[in-house]
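Undergrad: Need coordinates for the below:
(one chain, ligands or ions: 1)
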Amino acid sequence: MSSVFDDCAVPEPSSLLGFSSNGIASDVESRTDSCLSAALDNKDTLYLAVKSGSVLICETQAGSRAFLSLEEINKFDPDFVNAIMPGIADGRSIVAVPAKIDVETLKTPYRAMDARAVLYSASLPPEEAGAVGMALSLLHWHKTNQHCGLCGSASRSHLGGLRRDCKQCKAQIFPRTDPVVIMLALRGDKCLLGRGPQFPPNWYSCLAGFVEPGETIEQAVRRETREESGIKIGRVKYYASQPWPFPHSLMIGAYCEALSDEISFDGEELEDCRWFDREEVLAMIERRHAKELRAPPSKSIAAHIMGNWLKQTA
Ligand SMILES: [Zn+2]
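TA: Numbering: from 1, shown residues only. This is a model prediction of the structure:
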């Protein structure tokens with residue numbers, strides 16, 4: 001008997017992406033406010049040190065790691081008052097701690113690595129990169145939610161940092177994730193790529209944009225593609241998703257069917273946008289394009305969307 005799962009890819013495409021192998025169980029339903037202090041009292045707890053949106057990692061010839069011992073984190077002037085506990089991984093509590101140390105004073109083997117570098121270098125073990133993504137998103141959310149959105153009073157962290165409560169009106173504020181669609185528009189044997197002015201030189205990627213209130217994913221794909229490139233879109237097919245800690249988004253990857261050819265873009269959101277054929281995209285992924293045009297890094301959802309299109313249509 002056929003089933004709705006027959007066309008599910010194995011391995012699951014999302015599982016191959018950077019930040020997607022987070023093994024932390026948050027167990028928010030069974031938490032109490034004492035979970036953080038209990039974790040801080042437990043000698044087996046592992047720590048993530050975060051400074052200005054970067055994680056402090058230990059990098060040796062044996063490899064890189066972001067999970068630190070108590071002895072290690074104490075070197076970085078930790079701010080335990082504003083620590084949070086994302087959850088438990090492999091039976092050990094994971095605590096993320098803002099560090100006050102000046103990163104310029106860090107000594108080998110420690111150094112700061114921002115989320116983009118974590119994604120591009122892919123040097124951390126996948127489950128640690130996933131934990132870093134979660135911790136960076138959560139700590140950024142705390143930083144930007146110090147006051148209640150309803151009454152403006154101060155809010156305070158609860159449940160080890162998975163909720164904030166307003167001291168005045170008692171409103172409960174939960175961490176947020178902003179959905180972003182990222183899509184590859186296809187027309188015959190060509191795909192549509194663009195480059196934003198903020199991209200590194202020679203990079204081209206899938207078009208992307210935030211889902212707006214009241215929209216479905218499919219509607220957001222059609223609207224964003226139309227707004228950015230002028231291309232009209234028909235059918236939309238979900239492909240994979242990627243946690244995107246910039247600062248707390250979820251990338252939702254899709255393919256979409258272009259119904260028109262003529263591209264128009266405003267030069268602000270995109271500085272270039274055009275059709276690429278299969279050979280050119282393959283050359284960009286393999287870093288051998290004649291004009292040195294490049295696809296995004298291998299652990300990004302954009303690279304996987306582009307690569308899977310080539311594979312599926314080979
Ligand atoms: Zn309030």
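
Undergrad: Beta-bridge partners for residue 257, please?
TA: Note on residue 257: beta-bridge partners by DSSP bridges are residue 186.

Undergrad: Just give the number of residues close to it.
TA: By the other CB atoms under 10 Å criterion, the neighbourhood of residue 257 contains 13 residues. Glycine gets a C-beta too; all of them are placed from N, C-alpha and C.

Undergrad: Pretty sure it sits against residue 233.
TA: Yes. Under the criterion of CB atoms under 8 Å, residue 257 lies in contact with residue 233, with a separation of 6.5 Å.

Undergrad: Now do the shared contacts for the two.
TA: Taking CB atoms under 8 Å, 6 or more residues apart in numbering as the contact rule, the neighbours common to residue 257 and residue 233 are residue 185.

Undergrad: Could you pull up the contacting residues of the residue in the stretch 201-314 of the chain that the ion sits nearest to?
TA: When CB to the ion is the measure, the stretch 201-314 of the chain has its nearest residue to the ion at residue 248, with 21.3 Å between them. Residues touching residue 248, when contacts are defined by CB under 8 Å, 6+ apart, comprise 137-138, 140-141, 175-178.

Undergrad: could you redo the last one with a cut-off of 7 Å?
TA: With CB atoms under 7 Å, 6 or more residues apart in numbering as the criterion, the residues that contact residue 248 are 137, 140-141, 176-178.

Undergrad: ditto for residue 205
TA: The neighbourhood of residue 205, defined by CB under 7 Å, 6+ apart, consists of 193, 195, 296, 302.

Undergrad: So which of those is the closest to residue 237?
TA: Each of the contacts of residue 205 was checked against residue 237 using CB to CB; the closest is residue 302, at 16.1 Å.

Undergrad: quick one: the closest one is in a helix?
TA: Yes. For residue 302, which was evaluated using DSSP: H, G, I helix; E, B strand; the rest coil, the result is membership in a helix.

Undergrad: Contacts only, for it.
TA: For residue 302, the residues meeting the contact criterion (CB under 7 Å, 6+ apart) are 182, 205-206, 296.

Undergrad: just residue 243 next, same as before
TA: When the contact criterion is CB under 7 Å, 6+ apart, the partners of residue 243 are 19-20, 22, 133, 250.

Undergrad: for residue 19, same thing?
TA: Applying CB under 7 Å, 6+ apart to residue 19 gives the contacts 119, 129-130, 133, 242-243, 245.

Undergrad: Check the contacts of residue 302 for burial and list the buried ones.
TA: Buried positions within the contacts of residue 302, assessed by neighbour count (16 or more other CB atoms under 10 Å), are 182, 205-206, 296.

Undergrad: In strands, which of those appear?
TA: With strands taken from DSSP state E, the overlap with the buried ones among the contacts of residue 302 comprises residue 182.

Undergrad: And residue 290, how far from residue 1?
TA: For residue 290, the distance to residue 1 under the criterion CB to CB, to the nearest Å works out to 50 Å.

Undergrad: Tell me where the stretch 1-150 of the chain has helices.
TA: When assigned using DSSP state H, counting those that start in this stretch, the helices of the stretch 1-150 of the chain occupy the ranges 35-40, 70-73, 115-121, 126-143.

Undergrad: Report all helices and strands that the second one contacts.
TA: When you say that, I think you mean helix 70-73. With contacts defined as 3 or more CB pairs under 7 Å, 6 or more residues apart in numbering; DSSP states H and E, helix 70-73 has these neighbours: strand 46-51.

Undergrad: domain assignment for this protein?
TA: Domain assignment for the chain, taken from automatic domain parsing, gives 13-145, 178-312.

Undergrad: want to throw those into TSV with mean pLDDT?
TA: Listed next are these as TSV, based on pLDDT from 0 to 100:
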stretch	mean pLDDT
domain 13-145	97
domain 178-312	97
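
Undergrad: okay if I get those domains as JSON lines plus distance to residue 158?
TA: Written out in JSON lines, the entries for the domains of the chain read as follows (distance: least, CB to CB, whole Å):
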{"stretch": "domain 13-145", "distance to residue 158": "6"}
{"stretch": "domain 178-312", "distance to residue 158": "18"}
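
Undergrad: Nearest to residue 151, out of the ones you listed?
TA: Taking CB to CB as the measure, the domains of the chain were each checked against residue 151, and domain 13-145 came out nearest at 13.4 Å.

Undergrad: Just the terminal-to-terminal distance for stretch 178-198.
TA: End-to-end span of stretch 178-198 (CA to CA, to the nearest Å): 20 Å.

Undergrad: Return the distance of that stretch from the chain's centre.
TA: Here stretch 178-198 is found 17 Å from its chain centre; the criterion is CA atoms, centre = their mean, to the nearest Å.

Undergrad: ditto for stretch 148-155
TA: Remark: stretch 148-155 is offset 28 Å from the chain centroid, using CA atoms, centre = their mean.
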